[in-house]
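Engineer: With the input below, show me the fold.
(one chain, ligands or ions: 1)
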Amino acid sequence: MNEVTIKVGPLESMLAHNGTYGPYGGAYIPPVLEGQLTKLADFFDQEVLKDDFRKEFITILKQYVGRPSPLYYAKNLSDYVGSKIYLKREDLNHTGSHKINNCIGQILLAKKMGAQEVIAETGAGQHGVATATAAAILGIPCKVFMGEIDAERQALNVRRMRLLGAEVVTTNLGSRTLKDAVDAALGYYIENPSSFYLLGSHVGPHPYPKMVGYFQSVIGNEAKQQILAEEGRLPKHIFAAVGGGSNAIGLFSGFLADNEVEIHGAEGGGEGTYPNTAATLSFGKPAVFQGTMSYCLVDEDGNPIPSKSIAAGLDYPGISPQHAQLKDTGRANYYPITDKEAVDAYKLLSKLEGITPAIESSHAVALAIKLLKDKGELAVINVSGRGDKDVEREM
Ligand SMILES: *Cc1c(COP(=O)(O)O)cnc(C)c1O
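Structural biologist: Next up, the predicted model:
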């Protein structure tokens, strides 16, 4: 097979917009944050145009993260489903998911900006661990904010973050979970403008979706080269799980301009019906939530409600503004996958291929099995992470 080029971008399409995706996106933030975020947006636009920055990023992805990640022909799954299926193996990245791509990119940026430390919030701990890891390799102090209840539930990840040299700051505000960790981290960021807020998904105010989409575009750029090298043609279908939307936009961005490629996102359907679901695009409405205009799961008065999903990484009532636009324009389709369907796919892929996907990624596998049954069509599924973290749980 030809050598795969690790690359991000294209830049032009990403710099064309100012954080808006049709009616979605933007920066709905308190005035005290405007200066910091404008500075960040400008700095990002300048820095990513520089060859040095891109080279440094790609060298770390190659030597430390282990990119390019393989595109693996899953023969047993293909035989079972009756379609030709390839798996993009983000589970093989250092730390076990796609999250590290974005953390490396943002921490490089933080260092160039002269930030004194990086801060992040975490719920299940996956983004916290990826952030602490990238902070360790790049030598910058790191604080991770976490609700007290989450810190108890995820004691192992708390220990991992501390082992990696991060300070874990627990908060006893509110329900003591992810939303309160966000509030605590934002409060700290406002008080400490020399810190760098590292956001872990394709959400939040401009410039975060733009930055995260850029750093994760490495996934789709690789996958496209790999499938063309293996098959000499584009896939008919591509699939990814959608929480906030970062691994999905990473894969999708490589194929958005190829109109013949059908794009499918699997949301955390939870129990399958509103309100016991995390399927924001399937059951939500447009609303401003945590700094951006996008779809959101809301109550009758339009206020955000807690989401529900077996997968911590998908359990979020908001969604990327770009996925909102892709849904409205019909370029991509989004489907709720229930907890049970995801668990079945988790077990099936483990048995068939010896690959245990993260319960998040299992949603994409489940959707692909549903849509591809006996179709005989070529497809790529993004396996966003590995499932070791989920094995302990009774499923
Ligand atoms: C966090 C996470 C997700 C969901 O986040 P996105 O921003 O939607 O990609 C999906 N899969 C894994 C393995 C994760 O850790």
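Engineer: which stretches of the stretch 151-300 of the chain form strands?
Structural biologist: 167-171, 195-197, 237-242, 262-270, 285-289, 292-296 (DSSP state E, counting those that start in this stretch).
Engineer: strand partners of the shortest one, parallel vs antiparallel please.
Structural biologist: Applying DSSP bridges, strand 195-197 is found paired with strand 117-121 (parallel).
Engineer: Quick one: check the helix or strand just after the partner strand for contact with the ligand.
Structural biologist: Past strand 117-121, further along toward the C-terminus, the next helix or strand under DSSP states H and E is helix 126-138. Yes - Helix 126-138 reaches the ligand (CB under 6 Å from any ligand atom) through residue 126. Quick note: C-beta positions are derived from backbone N, CA and C, even for glycine.
Engineer: Could you check the angle the helix or strand just after helix 126-138 makes with helix 126-138?
Structural biologist: Counting by DSSP H and E, the next helix or strand C-terminal to helix 126-138 is strand 142-147. Counting by axes from the mean of the first three to the mean of the last three CA atoms, to 10 degrees, strand 142-147 lies at 170 degrees to helix 126-138.
Engineer: Flag every residue of the stretch 151-300 of the chain that's near the ligand.
Structural biologist: 201, 202, 241, 242, 243, 244, 245, 246, 247, 248.
Engineer: what's near enough to touch the closest residue to the first one other than its chain neighbours?
Structural biologist: Okay, so that is residue 201. The shortest distance from residue 201 to any non-neighbouring residue, by CB to CB, 6 or more residues apart in numbering, is to residue 244 (2.7 Å). Counting by CB atoms under 8 Å, 6 or more residues apart in numbering, residue 244 touches 200, 201, 202, 203, 316, 318, 319, 320.
Engineer: what's the closest non-adjacent residue to the first one?
Structural biologist: Closest residue in space to residue 200, ignoring its immediate chain neighbours: residue 127 at 3.5 Å, by CB to CB, 6+ apart.
Engineer: Who are the contact partners of the one you found?
Structural biologist: So residue 127 contacts 99, 103, 120, 121, 200, 201 (CB under 8 Å, 6+ apart).
Engineer: Redo the residues you listed as TSV? Include pLDDT and neighbour count.
Structural biologist: Shown next, in TSV, are the contacts of residue 127 (pLDDT from 0 to 100; neighbours: other CB atoms under 10 Å):
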residue	pLDDT	neighbour count
99	97	27
103	98	28
120	97	29
121	94	29
200	95	25
201	95	24
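Engineer: just to revisit the earlier point, can you tell me which of the strands of the stretch 151-300 of the chain is packed in deepest?
Structural biologist: Of all those, strand 237-242 has the most neighbours on average by mean count of other CB atoms under 10 Å, namely a mean of 30.
Engineer: Also compute the angle for that strand relative to strand 262-270, please.
Structural biologist: Using the same axes, to 10 degrees: strand 237-242 against strand 262-270 is 30 degrees.
Engineer: Just the mean pLDDT for strand 237-242, thanks.
Structural biologist: The pLDDT scores in strand 237-242 average 99.
Engineer: Can you tell me what sits against it?
Structural biologist: Under CB under 8 Å, 6+ apart, the answer for strand 237-242 is 223, 247-248, 250-252, 255, 261-268, 281, 311, 313-314, 319-320, 323, 334, 360-365, 367-368, 371-372, 377-382, 384.
Engineer: Quick check, central residue of the chain?
Structural biologist: residue 246 (2.9 Å; CA atoms, centre = their mean).
Engineer: Tell me if I'm right that that one and residue 211 touch.
Structural biologist: No - here residue 246 lies out of contact with residue 211, judged by CB atoms under 8 Å, at a distance of 10.4 Å.
Engineer: what residue ranges in the stretch 251-395 of the chain score low on pLDDT?
Structural biologist: Within the stretch 251-395 of the chain, no range satisfies pLDDT under 70.
Engineer: Name the single longest helix found in the chain.
Structural biologist: helix 208-231 (DSSP state H).
Engineer: Whichever of the contacts of strand 237-242 end up buried, select them in ChimeraX.
Structural biologist: The ChimeraX command for the buried members of the contacts of strand 237-242 (criterion: 16 or more other CB atoms under 10 Å) is given here:
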select :223,247,248,250,251,252,255,261,262,263,264,265,266,267,268,281,311,313,314,319,320,323,334,360,361,362,363,364,365,367,368,371,372,377,378,379,380,381,382,384
